[in-house]
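Enquirer: Output the structure for:
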Amino acid sequence: MFYHIVMMRLQDPDRTFHDRVHGYVERVRRELPYVRAYDYCRNEASRAQGFDWAIIAAFDSSADHDRYQVSPVHQEMKAFMTPRIADLVVCDSDSAGARP
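Expert: Predicted structure coming up:
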């Protein structure tokens with residue numbers, strides 16, 4: 001399984017912003033059958049250092065992740081969200097190759 005996790009520090013996200021992001025999440029789930037899991041959620045960790053929101057995605061392979069990255073729905077979502085993202089950190093990990 002290949003995981004893509006984006007933790008974000010957002011600037012002034014309001015209800016309309018979150019609703020629209022959830023709409024993109026539904027489109028990703030509906031339009032991209034190779035995306036195994038896809039969620040937008042609040043980071044509940046007390047040690048989150050201000051990275052309060054996350055996108056958590058799972059794919060069968062890094063190739064499927066690459067397809068997602070260039071998909072129209074992801075590009076549209078990214079363009080919408082970018083002006084509100086103050087900072088982010090990304091983790092991409094292939095669980096098959098996780099051992100040193």
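
Enquirer: where along this structure do the strands fall?
Expert: 2-10, 35-42, 53-59, 85-94 (DSSP state E).

Enquirer: So for whichever helix in the chain runs longest, what gets flagged as buried?
Expert: For the chain, the longest helix by residue count, based on DSSP state H, is helix 15-31. Buried positions in helix 15-31, judged by neighbour count with 16 or more other C-beta atoms under 10 Å: 17, 21, 24-25, 27-28. All C-beta atoms are positioned from the backbone trio N, CA, C, and that covers glycine.

Enquirer: can you redo the strands of the chain as JSON lines with mean neighbour count and distance to Tyr68?
Expert: JSON lines is the format used below for the strands of the chain (neighbours: other C-beta atoms under 10 Å; distance: least, C-beta to C-beta, whole Å):
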{"stretch": "strand 2-10", "mean neighbour count": "19", "distance to Tyr68": "8"}
{"stretch": "strand 35-42", "mean neighbour count": "15", "distance to Tyr68": "6"}
{"stretch": "strand 53-59", "mean neighbour count": "21", "distance to Tyr68": "7"}
{"stretch": "strand 85-94", "mean neighbour count": "13", "distance to Tyr68": "11"}
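
Enquirer: Dump those strands to a markdown table, plus mean pLDDT and distance to Val73.
Expert: Shown next, in a markdown table, are those (pLDDT from 0 to 100; distance: least, C-beta to C-beta, whole Å):
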| stretch | mean pLDDT | distance to Val73 |
| --- | --- | --- |
| strand 2-10 | 97 | 14 |
| strand 35-42 | 98 | 10 |
| strand 53-59 | 98 | 12 |
| strand 85-94 | 96 | 18 |
